[in-house]
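# quick one, what's the 3D model for this:
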Amino acid sequence: MTWTTDRLPIALHPQPGEALDSWITAYARRLHTRGPELLRHMGVTRVPTALVTQLTTADPDIIAQRSGISAELLHGMTLDPHVSPARSCPRMPGR
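Here you go, the predicted structure:
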């Protein structure tokens with residue numbers, strides 16, 4: 001199967017409350033491929049599990065362009081909106 005690089009041939013909308021890695025896996029399965037290969041085709045080099053917590057600056061725009069899913073919705077599918085700032089502070093050395 002040949003796909004263009006700007007938009008995938010099939011759109012798969014995430015289920016309400018679905019996590020990003022679950023959606024990537026389902027989307028890849030729908031396209032008869034695997035999550036890492038789908039992301040690589042989209043131009044994202046991180047593995048699906050790395051996207052669970054937070055998207056980098058470029059990732060949501062790339063995935064949004066290729067999939068048709070808004071970057072805002074993609075951000076909401078990560079754990080980032082649910083983590084308090086206190087939990088994201090690094091541990092102090094020696095503790």
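# nearest residue to Glu18 other than its sequence neighbours?
Met77 (6.4 Å; CB to CB, 6 or more residues apart in numbering). Where C-beta positions appear, they are placed from N, C-alpha and C, glycine not excepted.
# what's the local residue count around that neighbour?
The number of residues packed near Met77 is 22, by other CB atoms under 10 Å.
# isn't Val44 up against Asp59?
Yes - look at Val44 against Asp59 with CB atoms under 8 Å: they come within range, at 5.5 Å.
# residues shared between the contacts of the two?
Common neighbours of Val44 and Asp59, counting by CB atoms under 8 Å, 6 or more residues apart in numbering, are Leu51.
# show me what contacts the residue nearest to Glu18?
Contacts of Met77 (CB under 8 Å, 6+ apart): 14, 18-20, 23.
# so how far is Asp21 from it?
When distance is defined by CB to CB, to the nearest Å, Met77 is 9 Å away from Asp21.
# likewise Leu39?
10 Å.
# between these two, who's got more neighbours?
Leu39 (23 against 17).
# got the CA coordinates for the helix or strand encompassing that one in CSV?
Secondary structure from DSSP states H and E places Leu39 in helix 35-42. C-alpha atoms of helix 35-42 as CSV (Å, rounded to 0.1, in the frame of the first residue of the first chain):
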residue,chain,number,x,y,z
GLY,A,35,2.4,1.8,16.0
PRO,A,36,6.1,2.6,15.6
GLU,A,37,5.9,2.2,11.8
LEU,A,38,2.8,4.4,11.7
LEU,A,39,4.6,7.1,13.7
ARG,A,40,7.7,6.8,11.6
HIS,A,41,5.6,7.3,8.4
MET,A,42,4.1,10.4,10.0
